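A.B. asks: Dropping the sequence and predicted coords here.
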Amino acid sequence: MILHDIETAERSELEALQLGRLQATVERVYKRVPFYREQFDQAGVKPEDVRTLDDVRRLPFTTKSDLRAHYPFGLLAVDTTQCVRLHASSGTSGKPTVVAYTRQDIDHWADIVARAFAIAGGKPGDIVHNAYGYGLFTGGLGIHYGSERLGAVTIPVSGGNTDRQVMIIEDFQPTIICGTPSYVLNIAERMRELGKDPRRTSLKYGIFGAEPWSEEMRRTLEEEFGIKACDIYGLSEVIGPGVAMECHEAQNGLHIAEDHFFVEVINPKTLEPVAEGEEGELVFTSLTKEAFPVIRYRTGDIASVTRERCVCGRTTVRMSRVKGRVDDMIIIRGVNVFPSEIEHHLLRVSELAPHYQLHRLLKGHLEALELHAEVTEYFYNRIGGDLQSGAALELVRRVQSLLKTHCLISIGVRLHPPKTLPRSEGKAVRVIDQRKLEAKQLI
């Protein structure tokens, strides 16, 4: 096991380091970023007012809309000539969010991700199959640089071309695979289609992230490949992958790189802090970033944190698996539910494959939710391909009852033949919103 000294430091030592870096960051953004100076002045706070870590609560929040409003370079704390790289979000719902890195930022990021690999069980000499997408998305290059910093052999496969992924896994004999859980599951499915057994590969560990995934999805991936699957967390606005990593010893919460990031959990409605162990919205302040520091960035991700010492020996704060995003929460007739909660129960049904979509519909003027799920090859053959058979209709009733009992909402269920729902080559699209289209049809 590879441990970084800071990961086992006493809380008092770590918090003293955090405070010094927080104070330096606050002073930096106040002097160099007009947006933050204006926000601080409106809040009536100066850099010298930050005397303890608790004083971070006096500082204003930063949101994604702030990043978009200052597109592309309005929040940089350095001149662009001092940057060595730019990344950006997909910008599917407006202008992308642009982030920048100095040489030191890239070095820190590589160190952080190398530590994440070690936390997940990686070691120098491992061969890493990196199926995260390369390009403006931070996943591919973030994982790549960290893998190299660890001393691993890095295969920059990127996403897509699944047959090539299968060939490289067979021929290059990687020990670690990295990617979104939904896409890596697709690789396993393709291997089986080609008559190959995913459990007979050289893979030992998987590092999965970039989308919410359930404990049941972990078990599915581990059973498919015969590996240990660990969760990695990050977002481009904070740095990219590596903000937190789940250890392979416990697989019970993700260790936050607290020497680089200060975490809070707030009630997304009241903006007040929640108690330790209580779910809320994750808020991060960067402590070492030069080009693009962020103060109290509201991630939109729902999770909890704990300061309990982990069985692996690390003392850093752990965050829970991300339950979902604030804006992914579906509200049906006053009941709140996240797609990951539905997945949690869905993957326990043996007749269903781990491929599904949720459709948000309008029935009349009322909103409804409909689950589209694939059945397994075994079940499909058993019922002779008849999804209107008595056994299929009984499965629909059973799934509806299961979701009603545990998620407290009525969900329509439609079964599909195997391998007919869209497959992901990156982040899976789990929720399809058809309400606008249906609303137009009602006019």
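C.D. replies: Cool, the structure landed. Here the structure is a predicted model, which means the values were calculated and not measured.

A.B. asks: need the contact list for Leu17.
C.D. replies: Neighbour list for Leu17: 6, 9, 259 [criterion: CB atoms under 8 Å, 6 or more residues apart in numbering]. (Glycine included, C-beta is placed from N, CA and C.)

A.B. asks: Would you mark the buried spots in whichever strand or helix holds it?
C.D. replies: In the assignment (DSSP states H and E), Leu17 maps to helix 11-32. Buried residues in helix 11-32, counted by 16 or more other CB atoms under 10 Å: 14-15, 18-19, 21-23, 25-26, 28-30.

A.B. asks: Please apply the same query to stretch 134-142.
C.D. replies: Result for stretch 134-142 [16+ other CB under 10 Å]: buried residues 136-142.

A.B. asks: Can you show me the helices along the stretch 51-200 of the chain?
C.D. replies: Assigned by DSSP state H, counting those that start in this stretch, the stretch 51-200 of the chain shows helices spanning 64-69, 103-119, 138-150, 162-172, 181-193.

A.B. asks: how about JSON lines for those, with mean pLDDT and distance to Leu421 added?
C.D. replies: Output for those, formatted as JSON lines (pLDDT from 0 to 100; distance: least, CB to CB, whole Å):
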{"stretch": "helix 64-69", "mean pLDDT": "94", "distance to Leu421": "29"}
{"stretch": "helix 103-119", "mean pLDDT": "98", "distance to Leu421": "31"}
{"stretch": "helix 138-150", "mean pLDDT": "97", "distance to Leu421": "23"}
{"stretch": "helix 162-172", "mean pLDDT": "98", "distance to Leu421": "15"}
{"stretch": "helix 181-193", "mean pLDDT": "96", "distance to Leu421": "11"}
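
A.B. asks: Can you tell me which of the ones you listed is packed in deepest?
C.D. replies: Stretch with highest mean neighbour count among the helices of the stretch 51-200 of the chain: helix 138-150 (a mean of 24; mean count of other CB atoms under 10 Å).

A.B. asks: Tell me the pLDDT of Val431.
C.D. replies: pLDDT for Val431: 86.

A.B. asks: State the distance from it to Leu369.
C.D. replies: 9 Å (CB to CB, to the nearest Å).

A.B. asks: Looking at the helices of the stretch 51-200 of the chain, which is nearest to Ile331?
C.D. replies: When the helices of the stretch 51-200 of the chain are compared by CB to CB, helix 64-69 sits nearest Ile331, at 20.7 Å.

A.B. asks: Quick one: residues in contact with that closest one.
C.D. replies: 35, 75, 94-98, 237, 298, 300.

A.B. asks: Show the buried residues in these.
C.D. replies: With neighbours counted by 16+ other CB under 10 Å, the contacts of helix 64-69 contain buried members at 35, 75, 96-98, 237, 298, 300.

A.B. asks: pLDDT and distance to Gly280 added to those, as TSV?
C.D. replies: Formatted as TSV, the buried ones among the contacts of helix 64-69 follow (pLDDT from 0 to 100; distance: CB to CB, whole Å):
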residue	pLDDT	distance to Gly280
Phe35	98	25
Leu75	98	25
Pro96	86	27
Thr97	92	22
Val98	95	27
Glu237	96	18
Arg298	98	11
Gly300	94	11
